[in-house]
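>>> Predicted model follows, preceded by the sequence.
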Amino acid sequence: MGGRSRGDEKVAYDGLRTHCIRCGTCCKNNPPTLHIQDISILKDNIIMYSDLITYRKGEYIYDNINKKLINLDEEIVKIKTKGESRECIFYDAKDKSCKIYESRPIECRMLKCWDNTEFLKFYQKDRVTRFHIIKKDSAMGEIIHEHEKKTSMDNVLKLYYEYKNTKQDKLRKKINSIISYDNAVREFIQQRTGAKKELDFLFGRPVLEILKDLGW
Ligand code: SF4
């Protein structure tokens, strides 16, 4: 991985910022969502599956641009944060640099915190899904597809809110069986392939974790 600092560009600061001054704000607040243009970085193994997390269709995530929670109408794949923070795993806080600077994703190249005009036109276009990275007809692709069908977030959240309003036991059982299936698939893949850090990319966040965030 390259090690050139982000913001090595000449800094011009004449009242209005026109260049990156390496404050690190963008890297500390929301890692990039990947776009089709970033697939080559994955092919070159600069970014690995274990560096990624999938947010599935129907999930609620915080939209850093509009500063509000949004319901995803399509899945997205992002670079992970460090633990519970919002800081990108590739940000070197000590050096104020990006560990993959030369190969950083397109959102990082386009984001100019002093002028987001171009970024706003671009950021919702050509987003990568898991099936841009993993062939749908491969063995893993079929497992992901089946998992998505059985644990779709649209359905899980519908059941959850229905249960919250009615407290019907049959709904609780349905939700628990989806949670069990989700856990079983993750365990199976971990045992068969050794994948662990990759699971958040392959299957998104665990269903139980998502529901716990909502108060399950
Ligand atoms: S990939 Fe690099 S430039 Fe992009 S948010 Fe992470 S640390 Fe910053």
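Received, thanks. Numbers count the residues shown, from 1 in each chain.

>>> okay, CA-based contacts and neighbour counts for the rest of this
OK.

>>> The nearest residue to Lys68 once chain neighbours are set aside: what secondary structure?
Once flanking residues are discounted, Lys68 sits nearest to Tyr62: 5.6 Å by C-alpha to C-alpha, 6 or more residues apart in numbering. Classification of Tyr62 using DSSP: H, G, I helix; E, B strand; the rest coil returns strand.

>>> how close does Tyr62 sit to Leu72?
Separation of Tyr62 from Leu72 (C-alpha to C-alpha, to the nearest Å) stands at 10 Å.

>>> the more surrounded of these two?
The neighbour comparison of Tyr62 against Leu72 (other C-alpha atoms under 10 Å) goes to Leu72, with 18 against 13.

>>> Contacts only, for the more buried one.
56-61 (C-alpha atoms under 8 Å, 6 or more residues apart in numbering).

>>> give me that answer again for 10 Å
55-63, 153-154 (C-alpha atoms under 10 Å, 6 or more residues apart in numbering).

>>> Thr33 versus that one, what's the distance?
Distance, Leu72 to Thr33, using C-alpha to C-alpha: 13 Å.

>>> ok, now Thr117?
18 Å.

>>> neighbour count winner among the two?
A side-by-side neighbour count of Thr117 and Thr33, using other C-alpha under 10 Å, places Thr33 first with 22 against 12.

>>> Tell me which helix or strand comes right after the longest helix seen in the chain.
Counting by DSSP state H, the longest helix found in the chain is helix 169-193. Where DSSP states H and E defines the elements, the next helix or strand beyond helix 169-193 is helix 199-203.

>>> what helices or strands is that following helix leaning on?
strand 52-55, strand 76-79, helix 130-133, helix 139-150, helix 169-193 (3 or more C-alpha pairs under 10 Å, 6 or more residues apart in numbering; DSSP states H and E).

>>> Mind listing what's buried along the fourth one?
Using 16 or more other C-alpha atoms under 10 Å as the burial criterion, the residues of helix 139-150 that qualify are 141, 143-145, 147-148.

>>> same question, the longest one
Neighbour-count burial for helix 169-193, with 16+ other C-alpha under 10 Å as criterion, is recorded at 171-172, 175, 178-179, 181-182, 185-187, 189.

>>> Out of those, which is nearest to the ligand?
Nearest to the ligand among these, counting by C-alpha to the nearest ligand atom, is Arg186 at 26.8 Å.
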